[in-house]
Each structure stands twice: as C-alpha cells, then as structure tokens.
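Colleague: Could you look at this predicted model? Sequence included:
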Amino acid sequence: MALATLVYQNEVSDAEWETRCDLAALYRIFHNMRMTDLVYTHLSARIPDEPDCFLMNQYGEMFDEVTASSLVKMNLDGDMVGRQGAFNSAGFTIHSACYLAREDVGAVIHLHTKASIAVASVKNGLIPMSQHSLYVIDDLAYHDYEGPATNLDERESLGRNLADKNNMLLVNHGSLSVGRTIPQAFRNSYYLEKSCDIQVAAQSLGDEIILMDQDIIEDKEGRRRAFRESEDVGRMEWDALIRQLDRNGSDHRR
Ligand SMILES: [Zn+2]
C-alpha cells in the first residue's frame, strides 16, 4: 500500500515535533520488546499545543518503520489534519475515547500481547500475585468486548469504564494504558504487561498460586513511597530507553 507523504520538522511546532520524536521512539521500544501484532495495535500522543489533536501510526507501517515524520495527525472528530494518510479506524475509536474522557491524558498505548489477551479473558482477570502487579492492581479497569472497535458509539463505554484509572484490560482483546506523558504511559503499560506475563507463566504451572497478603495489597501509601510515585514518574526509565535506542543507531527522529 502507498504510505502518506512525510511531515517535516519545519512544518510543525517545536512541541509537536518533540512529541513526534518521543512517540516514534515509543513504537521502536515496543518493537524491540516484541510486543507488536503485525501492523495492528496503536500508540498515540496528544499534541501539547493542540490538545484537540493527537498523533498515531499510519495504518500499514510496522512499529520499527515509524518515524517522527511518518505519524499521522488527526483531531478528535476523526479528521486528518495537514498531510493525509491512512489510519486504523478501531485505533481512532479507542484512542479518541481516552482523550475525550480524560483531559489529563497525554498518551495512550494499546497492545495485543498474548499475555494481556489471556489475562483479559479469564474470570478473575489480573490477580495480586507478583510484586509487579502491585504497581497496577488498584489502577486497573476492565472493558467488556463489544466487537472490533470500529463503532464510534463504543467511545462512551470505553471512557466510562476507564474512569480515573490508568490501565485497562480489554476483555478478549488486549491491554490499554494511559499517562499524562509518554514516559508515564509507557511505565503503566510495561508493568501491566509484565504482570500479565508473570501471571500466565505462574498459572501454567498448575500449582496453587500464593496471593499477596491483604494488608500489603491495601497499603497504597507505602506503595507510593516505595515506587517513588511523583509527577516525573517514568522519566528515569524513559531516558535510559532513549539512550539504548541511540546506542543502537535508531533513526526514529527522521
Ligand atoms: Zn485492538
């Protein structure tokens, strides 16, 4: 398929270009972690100086092909802004639902990993059985499957179910994580996905699972201290990941 023409740095604001570079990096990071599903699933970021617009991959590109210039820009009504390109309509439904429901959301990550689909498809969902799961267990919502998310009406139930949480398991479908920034959304998604991975591995052993003590699960304040929750959460890990991309010659800023 023919992909859209590219957007150049001098055509957009500094804030948009910086967001494009970070979002393209995010695609490369998930590619490197093998958390892709061919050309499906999508990651997006709201443009800071145009909060009614967000960036997403053009439909048809692999995650390791995405660059700052190749991302498509659209508004919350689904209109392309600037240069035209294809986008995944289910992606538009899911991502715009989050931006419409939550003004604080600056980035959205939607994945179809084996582990997240598996955990999203069992009755008890994610259980508090690993230290990793404590990062997300009380910041997790669920959304029942309503078919491929091509019907814009689903935005209402998606937003309502997400409410004030930053992670969601889409039943029979995959994972969704949001954040105020791209690094925060990445961190949320990483811990949700890692928790699902661990749970699938443990449950496959067929032995009884040791759940964490209830007082540990309920000690949210202690957890916030231990996990260094702050406005800048996720930044240290993000900077390390960007250094790793650069060390390996990534061209995501093209
Ligand atoms: Zn999906």
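Modeller: Everything's here; your move.
Colleague: Poorly predicted segments of the stretch 101-250 of the chain, please.
Modeller: Along the stretch 101-250 of the chain, segments meeting pLDDT under 70 span 226-231.
Colleague: what about the strands in it?
Modeller: 107-111, 140-143, 167-170, 174-179 (DSSP state E, counting those that start in this stretch).
Colleague: can you redo those as JSON lines with distance to Arg83 and mean neighbour count?
Modeller: Placement of C-beta: from N, CA and C, glycine included. Shown next, in JSON lines, are these (distance: least, CB to CB, whole Å; neighbours: other CB atoms under 10 Å):
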{"stretch": "strand 107-111", "distance to Arg83": "22", "mean neighbour count": "28"}
{"stretch": "strand 140-143", "distance to Arg83": "32", "mean neighbour count": "18"}
{"stretch": "strand 167-170", "distance to Arg83": "30", "mean neighbour count": "25"}
{"stretch": "strand 174-179", "distance to Arg83": "26", "mean neighbour count": "27"}
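Colleague: could you pull out the helices for the stretch 101-250 of the chain?
Modeller: Counting by DSSP state H, counting those that start in this stretch, the segments of the stretch 101-250 of the chain that form helices are 114-119, 154-162, 182-204, 214-218, 220-226, 235-247.
Colleague: before we move on, back to that, for the strands of the stretch 101-250 of the chain, which one sits closest to Lys123?
Modeller: strand 140-143 (11.1 Å; CB to CB).
Colleague: where's Ala90, which helix or strand?
Modeller: Secondary structure assignment for Ala90, by DSSP states H and E: helix 89-101.
Colleague: which residues touch that helix?
Modeller: The contact list for helix 89-101, computed with CB atoms under 8 Å, 6 or more residues apart in numbering, reads 41-42, 44, 46, 54, 56, 59, 74, 76, 78, 105, 108, 110, 148-152, 154-156, 158-160, 162, 176, 178.
Colleague: excluding its backbone neighbours, what's nearest the spatially most central residue of the chain?
Modeller: When CA atoms, centre = their mean is applied to the chain, the residue found nearest the centroid is Ile109 (1.3 Å). With CB to CB, 6 or more residues apart in numbering as the criterion, Ile109 has its nearest non-adjacent residue at 4.3 Å, and that residue is Ser189.
Colleague: Was I right to think the one you found contacts Gly174?
Modeller: No: between Ser189 and Gly174 there is no contact under CB atoms under 8 Å: 10.8 Å.
Colleague: any common contacting residues for those two?
Modeller: Common neighbours of Ser189 and Gly174 (CB under 8 Å, 6+ apart) are Leu111.
Colleague: In the sheet, which residues pair with Met74? Tell me.
Modeller: Met74 has these beta-bridge partners by DSSP bridges: Phe54, Met80.
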